[in-house]
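K.L.:
Quick check, what structure comes out for this input:
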Amino acid sequence: MEKRLLVEDQIRKNKRDTILICAVMAMLFIAVVFAIGFILFRGNIYISLAFALPIAIGYVLMMYSISVPTVLSAAKARPANPNIREEKILIYKVEDMAIAAGLPTPKVYVQDSEYINAFATGRNPGEAVICVTTGALRKLNSEELEGVIAHEMSHIKNYDIRVATVTIAVVGAISLLSEILFYSMFWGGTGRGRRDGGNIILIAIAILFVILAPIFARLTYLAISRRREYLADSNGAYLTRNPEGLARALEKIKLDHPKGKPKGSKTVAPLYIANPFKSMSVSSLWSTHPPIDERIRRLRSM
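P.N.:
Now for the predicted structure:
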C-alpha cells in the first residue's frame with residue numbers, strides 16, 4: 001500500500017511538472033524569437049515583442065495541433081490491421097492495459113521495422129496513440145509485449161506525451177532559427193550598417209543567447225526524458241504487476257541487432273522505449289534514454 005501511494009504521488013507530481021516544463025519551453029522559444037527580432041530590428045524592444053509573440057505562439061499552437069500526424073508520418077507508422085494475427089493480439093493487449101491504467105483506449109499503430117521498439121504520442125490521453133514495431137510483435141513473448149505496452153501506457157498516464165509534443169517542436173525550431181541567424185550573420189545578413197542604430201552590447205548578448213539556447217533546450221529536454229523513462233518503467237511494472245516482463249523485453253532490445261538501418265526519423269527518437277539510432281549501453285548528457293542495464297537492474301530490484 002505504501003509503495004502504491006508513493007507511485008500515485010509521483011504521478012501527480014509528474015503532471016504538475018508537465019505544465020511547468022511546457023511553459024518553460026514555450027517561454028524559451030518566445031525569448032529566442034524576441035532575441036532574433038532584437039537583432040534584426042537594431043535593439044527596438046517594442047517592435048521585437050510585436051515580432052516575437054505572434055510568431056512564437058502561433059508556431060507552438062500550430063505544432064501542437066498537428067503533432068500526432070507529424071510524429072506518425074516521421075515514424076512511417078500505419079494503423080494496426082486486426083486481420084493480421086500479431087496485430088490483433090496487440091490491439092487486445094492495448095485495450096487491456098488501458099483498462100488497467102484507467103485510461104481511454106489509445107489508437108494502435110504499427111511500424112514495419114525489424115527492430116524491437118515502441119513509442120506513444122498524442123496531445124492528451126484522449127487522443128493518444130501507441131505504436132509498436134513488427135519486430136517487437138514477432139520477437140517478444142506475451143509477457144514481454146505486455147510490459148512494453150504498459151511502459152508506453154505509463155507515458156500517456158504521466159502526460160509525458162504532452163511534454164514530448166511541445167519540447168520536440170520547440171527544440172527543433174530553436175535549432176533551426178539559431179542556424180538561420182548564424183548563416184545570415186556569416187554571409188553579412190545582419191548588415192554592418194544596422195549596428196549603428198542599436199545597442200551593440202545588448203545585440204551581442206542576444207546573439208550569444210540565440211547561439212546557446214538550442215544547447216540549453218536540448219540538454220534540458222534530454223535530462224527530463226531520461227528521468228521520465230525510469231518512471232515509466234516503474235509505473236509500467238506496477239500496471240502489469242510483473243517487472244520481469246519489461247526487464248526481459250529490455251534485454252532483448254539490448255541484444256537485438258537486425259540488418260539495415262532503423263526506419264523513421266531521428267527527430268522522434270526520444271519517444272521510443274529505447275533509442276534505435278544510438279548505443280544503449282552508456283549514458284551521457286546527450287543521451288535520450290538512461291543506460292538500459294540500469295533500467296533492467298531497477299526493474300529487477302522492485
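K.L.:
Near P290, how many other residues are there?
P.N.:
18 (other C-beta atoms under 10 Å). Bear in mind the C-beta positions are built from the backbone N, C-alpha and C, glycine included.
K.L.:
correction: A247
P.N.:
By other C-beta under 10 Å, the residues close to A247 number 21.
K.L.:
now G43
P.N.:
18.
K.L.:
Pretty sure it sits in a strand.
P.N.:
No - according to DSSP: H, G, I helix; E, B strand; the rest coil, G43 belongs to no strand; its state is coil.
K.L.:
how about it, phi and psi?
P.N.:
phi 80, psi 10 (degrees, to the nearest 10).
K.L.:
you'd agree it is up against L202?
P.N.:
Yes - contact criterion C-beta atoms under 8 Å: G43 and L202 qualify, at 5.8 Å.
K.L.:
Pull the residues that contact stretch 257-267.
P.N.:
For stretch 257-267, contacts defined as C-beta atoms under 8 Å, 6 or more residues apart in numbering pick out 74-77, 111-115, 117, 135, 168, 172, 276-277.
K.L.:
Give me the common contacts of G43 and L202.
P.N.:
Overlap of the contact sets of G43 and L202 (by C-beta under 8 Å, 6+ apart) is empty.
K.L.:
Can you pull out the low-pLDDT segments for the stretch 101-250 of the chain?
P.N.:
Scanning the stretch 101-250 of the chain for pLDDT under 70 picks out 182-199.
K.L.:
mind listing the helices for it?
P.N.:
134-139, 142-157, 160-186, 200-240, 243-255 (DSSP state H, counting those that start in this stretch).
K.L.:
Need the CA coordinates for the shortest one. CSV is fine.
P.N.:
Extracted C-alpha coordinates of helix 134-139, given in CSV (Å, rounded to 0.1, in the frame of the first residue of the first chain):
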residue,chain,number,x,y,z
THR,A,134,6.6,-5.5,-36.3
GLY,A,135,10.0,-6.7,-34.9
ALA,A,136,8.6,-6.4,-31.3
LEU,A,137,5.4,-8.3,-32.3
ARG,A,138,7.5,-11.2,-33.7
LYS,A,139,10.3,-11.4,-31.2
